[in-house]
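Asks: Quick one: sequence and predicted model below, then my questions.
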Amino acid sequence: MSADRIDLNLLRVFDAIFEDRNLALAGKRLNLSQSAISHALGRMRQVLGDDLFVRTGKGMEPTMRAVGMAAQVRGALAQIRAALGVDAFDPRVAQRKFVVAANDYITSLVLGRLSQRLRAEAPLVDLVIRPSTRLDLAGQIDVGRIDVAIGIFADVPTRLRSAQLWEQTDVVLLHRDHPIAERAVTRDDLLAYPLVAISQGGEEEGAVSGFIVERGLARQSEMFNRDALNRAFADGADVPRMRMSVAHSLAVPALLRHSDMLALVPSSLGRELERYGELKMCATPYECHNAAVRAVWHERNDTDPALQWLRHQLADVARQVRSC
């Protein structure tokens, strides 16, 4: 196959079909009829000698060849647009969809504030939130279906870029009517009262020390530092009882409302929940190092003006989170 036989417009069609998984939606994205999209797909199949997309009940599913091409094609198109200077981004008039991956408490802390900013500064921009807990997070970043992922990452491979948004540590959260609410939490309290923590994937999903590794990206699955907790009780026969492990952090207030449980949560979440007056936040009775919450994106998006603007907005919003 000769590269001279590839029309760059075919690559735009390929990228649109890969993103939308639907010929009609891809045509709408490119202002082309469905028949024109079908004709372009036929030409690509002939040139590349592969079906590229197979029609299924869920839409146009990419073949292995298409999956392997997708990230490089999207990156090449972005570089061409940047080189030609056709990607200027004016948030006041831009029509763009950003896809961000985050867990529920980060969505509450960051993306709620970001949504308010978009409404004021970029009224035609849409925001789609995907769960950062999905097992193929790194794969979705690689193929361009997620623009930015926000979370705690132990390892970030070289093909990805990252920027720190804020630091946080673990805290103890309890109801204001709890028997120990008027004093500091002690080590003995963690033995006397059962615990609840947030976990979005354990050993059964392949987590090691609270992190799941996929395609070189290690993302936090347990929303507390299990190693720090274990070290604090390593010298004794008794260990705290983890009565409940929940996937959704915003369920924590209801669980503490009529309970003597103590919750181990990130300090950023603890501050946010304490503001409503029902709960109280206390320091852990053991040393727990700070962890960095980071934004992660693919290196090919470094120079995309729209995504540069989005990352700048996220950094501004993160400053608001830090100051709360």
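Replies: Thanks, I have it.
Asks: only C-alpha atoms for contact and neighbour calcs from this point on.
Replies: OK.
Asks: hey, C-alpha coordinates of the helix or strand of the chain with the lowest mean pLDDT in CSV?
Replies: Least confident helix or strand of the chain, by mean pLDDT, DSSP states H and E, is helix 64-84 with a mean of 82. Extracted in CSV, the C-alpha atoms of helix 64-84 (Å, rounded to 0.1, in the frame of the first residue of the first chain):
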residue,chain,number,x,y,z
MET,A,64,-8.2,-4.5,15.6
ARG,A,65,-6.6,-2.7,12.7
ALA,A,66,-8.8,0.3,13.3
VAL,A,67,-8.1,0.3,17.0
GLY,A,68,-4.4,0.2,16.3
MET,A,69,-4.7,3.2,13.9
ALA,A,70,-7.0,5.4,15.9
ALA,A,71,-4.7,7.2,18.3
GLN,A,72,-2.0,7.9,15.7
VAL,A,73,-4.6,9.1,13.1
ARG,A,74,-6.1,11.5,15.7
GLY,A,75,-2.7,12.7,16.7
ALA,A,76,-1.6,13.2,13.1
LEU,A,77,-4.8,15.2,12.3
ALA,A,78,-4.2,17.4,15.4
GLN,A,79,-0.6,18.1,14.3
ILE,A,80,-1.8,19.0,10.8
ARG,A,81,-4.4,21.4,12.2
ALA,A,82,-1.8,23.0,14.5
ALA,A,83,0.7,23.4,11.7
LEU,A,84,-1.9,25.1,9.5
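Asks: Which residues does it contact?
Replies: With contacts defined as Cα atoms under 8 Å, 6 or more residues apart in numbering, helix 64-84 is touched by 11-12, 15, 18, 50, 52-53, 87, 142-144, 300-301, 303-304.
Asks: what are the ranges of the helices in the stretch 151-300 of the chain?
Replies: In the stretch 151-300 of the chain, the helices defined using DSSP state H, counting those that start in this stretch lie at 187-192, 226-232, 252-257, 267-274.
Asks: Now the second one: buried residues?
Replies: Going back to what we said before, that points to helix 226-232. 229, 232 (16 or more other Cα atoms under 10 Å).
Asks: what about residue 35, neighbour count?
Replies: If you count neighbours by other Cα atoms under 10 Å, residue 35 ends up with 12.
Asks: Kindly report the same for the one 3 residues further on.
Replies: Close neighbours of residue 38, defined as other Cα under 10 Å, add up to 15.
Asks: Just to check, it is in contact with residue 23?
Replies: Yes - judged on Cα atoms under 8 Å, residue 38 makes contact with residue 23 at a distance of 7.1 Å.
Asks: Quick one: neighbours of residue 49, just the number.
Replies: If you count neighbours by other Cα under 10 Å, residue 49 ends up with 10.
Asks: got the contact list for the closest residue to residue 287 other than its chain neighbours?
Replies: Spatially, and ignoring its direct neighbours in sequence, residue 287 is nearest to residue 228 (7.0 Å; Cα to Cα, 6 or more residues apart in numbering). If you count contacts by Cα under 8 Å, 6+ apart, residue 228 has them with 286, 287, 288.
Asks: repeat that with 10 Å
Replies: By Cα atoms under 10 Å, 6 or more residues apart in numbering, the residues touching residue 228 are 170, 234, 286, 287, 288, 289.
Asks: got the buried residues for stretch 34-42?
Replies: For stretch 34-42, burial by neighbour count (16+ other Cα under 10 Å) applies to 34, 37, 40, 41.
Asks: can you check stretch 295-306 too?
Replies: Of the residues in stretch 295-306, 295, 296, 297, 298, 300, 301, 304, 305, 306 count as buried by neighbour count, 16+ other Cα under 10 Å.
Asks: Excluding sequence neighbours, find me the nearest residue to the first one.
Replies: The shortest distance from residue 295 to any residue that is not its chain neighbour, by Cα to Cα, 6+ apart, is 4.5 Å, and that residue is residue 150.
Asks: Checking the one you found next. Helix, strand or coil?
Replies: At residue 150 the chain is in strand, as set by DSSP: H, G, I helix; E, B strand; the rest coil.
Asks: how deep is it tucked in, by neighbour count?
Replies: Neighbours around residue 150, by other Cα under 10 Å: 25.
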